[in-house]
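Trainee: Give the three-dimensional model of this entry:
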Amino acid sequence: MQLDINYVRGQFPAFSEPTLNNQAFFENAGGSYTCKPVIDRLVRFYHQRKVQPYGPSDPSRLGGEEMDEARRKLAAWMGVAQDEVSFGPSTTQNTYVLAQAFKQYLNPGDVIIVTNQDHEANTGPWRRLADAGITIREWQVDPKTGHLDIEQLSNLLDQTVKLVCFPHCSNIVAEINPVAEIVSIIHEAGAYACVDGVSYAPHGLPNLTRLNADIYLFSSYKTYGPHQGIMVIRRDLAEKLPNQGHYFNDGHLDKHFTPAGPDHAQIAASAGMIDYFDALYQHHASGHDSPVDRGDVVHDLMRNHEQLLLQPLLDYFSAHNQARLLGPADAAIRAPTVTVALPEPAAAIAARLANQGIMAAGGDFYGVRVIQAMDEDPTHGVLRMSFVHYTSKEEVNKLIHALDREI
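Mentor: From the prediction side, this is the model:
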């Protein structure tokens, strides 16, 4: 099926916003536009439900029901149990809380494997556990390609390894790692797998039954929703980890990793993401009753459209003698996040692109370790252009023409 781009863009108020007119948005890896169902739910909650939820009054009861609806819909779409879904203020915060739980759970001498391909949020909190006697091993990228070699992981695994943390795809290199295969290897070694899905989930929420990860994290403000971090922890592991919430909530699995009060309105509004995905499915297809199956269809719709737009941009940089493309040049194995190293500081180029109506960015994007591992200078910065399924072919062409003038 071909994605109906006009229908898609009609679901995002940003595309009819006068202040954004003639602006091509290529910094989606930092946060996406918000879809209309999320905005509608957020406005309704603040207008009608902004009281303490789960009480006996109608506004309170309805507020709690909307929060439960968000958790239920997200769980169904990803193929997990409702109480395996946790909300927090950000993925960075969720990962920090999770690391504190593992700090209590593990013993000195136990091993955690991290990568240098990750965003710092999924590597820094784990590395700091070395102060508690936990041994940290690094699964390193190939310095030329940024690729994570599975054979190297196998060489790092032994009976002392308890947890392996790696990204579904890097926010710099953007190669889509074979999560299910990696998780299987980790499980065979007797360890748990923690997957940072922040850079991948905007391109289709994962089927977690298929991936089989023990932990999967992503950010709803990058999946067309409000500013929340969403974390799935499968029950077998979640019940073993020490409760990080209030002691009297110990019997509630979905509160184990929420030490602070949840943002009621934003959790409730998160149901709007699934409203949008369901509408996208209904517009393009029919006949699939399972939310997971509908998710597979929507995922493929998004990815097929993105790949068609991505390959010409990758080809452009592959042929450019001033640019070094970080990561693969094949759209089939890459998310639509394109990062290049250039002779000129990236921030200066991004500023000139902004003058031409191109919203991109230059910097390190919290990927300092992988930029350094590939022998580039994070202080010099890399230019990053990222898009999602609502991006049009015309916008990609506009980007390429602007790049022709500026690099």
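
Trainee: From here on, just use CA atoms for contacts and neighbour counts.
Mentor: Fine.

Trainee: Tell me which residues are up against stretch 284-296.
Mentor: 1, 3-4, 76-79, 204-207, 277-278, 281 (CA atoms under 8 Å, 6 or more residues apart in numbering).

Trainee: Any of those residues buried? List them.
Mentor: Buried residues within the contacts of stretch 284-296, counting neighbours by 16 or more other CA atoms under 10 Å: 3, 76-79, 204-207, 277-278, 281.

Trainee: The stretch 301-407 of the chain: strands as residue ranges?
Mentor: 324-325, 337-341, 358-359, 361-363, 382-386 (DSSP state E, counting those that start in this stretch).

Trainee: avg pLDDT for the last one?
Mentor: Averaged across strand 382-386, the pLDDT comes to 98.

Trainee: Can you list the helices and strands that that strand packs against?
Mentor: For strand 382-386, the packing partners by 3 or more CA pairs under 8 Å, 6 or more residues apart in numbering; DSSP states H and E come out as strand 337-341, helix 346-354, strand 361-363.

Trainee: gap between it and the chain center?
Mentor: 16 Å (CA atoms, centre = their mean, to the nearest Å).

Trainee: Poorly predicted segments of the stretch 101-250 of the chain, please.
Mentor: Low-confidence segments of the stretch 101-250 of the chain (pLDDT under 70): none present.

Trainee: what are the ranges of the helices in it?
Mentor: 124-127, 150-156, 179-188, 208-211, 235-238 (DSSP state H, counting those that start in this stretch).

Trainee: With mean neighbour count and distance to Ala354 as new columns, can those be given to me in TSV?
Mentor: Below are the helices of the stretch 101-250 of the chain laid out as TSV (neighbours: other CA atoms under 10 Å; distance: least, CA to CA, whole Å):
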stretch	mean neighbour count	distance to Ala354
helix 124-127	20	32
helix 150-156	13	39
helix 179-188	17	36
helix 208-211	15	38
helix 235-238	15	45
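
Trainee: how about these in JSON lines, adding distance to Asn321?
Mentor: Output for those, formatted as JSON lines (distance: least, CA to CA, whole Å):
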{"stretch": "helix 124-127", "distance to Asn321": "35"}
{"stretch": "helix 150-156", "distance to Asn321": "31"}
{"stretch": "helix 179-188", "distance to Asn321": "33"}
{"stretch": "helix 208-211", "distance to Asn321": "38"}
{"stretch": "helix 235-238", "distance to Asn321": "49"}
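
Trainee: how far away is Val97 from Ala260?
Mentor: According to CA to CA, to the nearest Å, Val97 and Ala260 sit 10 Å apart.

Trainee: just Ala99 next, same as before
Mentor: For Ala99, the distance to Ala260 - CA to CA - is 16 Å.

Trainee: For whichever strand or helix holds Glu66, buried residues please.
Mentor: Counting by DSSP states H and E, the element that carries Glu66 is helix 58-78. Across helix 58-78, burial judged by 16+ other CA under 10 Å covers 59-64, 66-78.

Trainee: Please put the alpha-carbon coordinates of that helix into CSV.
Mentor: Written as CSV, here are the backbone C-alpha positions of helix 58-78 (Å, rounded to 0.1, in the frame of the first residue of the first chain):
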residue,chain,number,x,y,z
ASP,A,58,-17.6,12.3,37.3
PRO,A,59,-14.7,14.5,36.3
SER,A,60,-12.3,12.5,38.6
ARG,A,61,-13.6,9.2,37.4
LEU,A,62,-13.4,10.1,33.8
GLY,A,63,-9.9,11.4,34.2
GLY,A,64,-8.8,8.1,35.7
GLU,A,65,-10.5,6.2,32.9
GLU,A,66,-8.7,8.2,30.2
MET,A,67,-5.4,7.5,31.9
ASP,A,68,-6.2,3.8,32.0
GLU,A,69,-7.3,3.9,28.4
ALA,A,70,-3.9,5.3,27.3
ARG,A,71,-2.1,2.5,29.1
ARG,A,72,-4.5,-0.2,27.7
LYS,A,73,-4.3,1.0,24.1
LEU,A,74,-0.5,1.3,24.1
ALA,A,75,-0.2,-2.1,25.6
ALA,A,76,-2.5,-3.7,23.1
TRP,A,77,-0.7,-2.1,20.2
MET,A,78,2.7,-3.4,21.3
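
Trainee: Show me what it is packed against.
Mentor: Contacts defined by 3+ CA pairs under 8 Å, 6+ apart place helix 58-78 against strand 85-88, helix 264-269, helix 271-284, helix 291-318.
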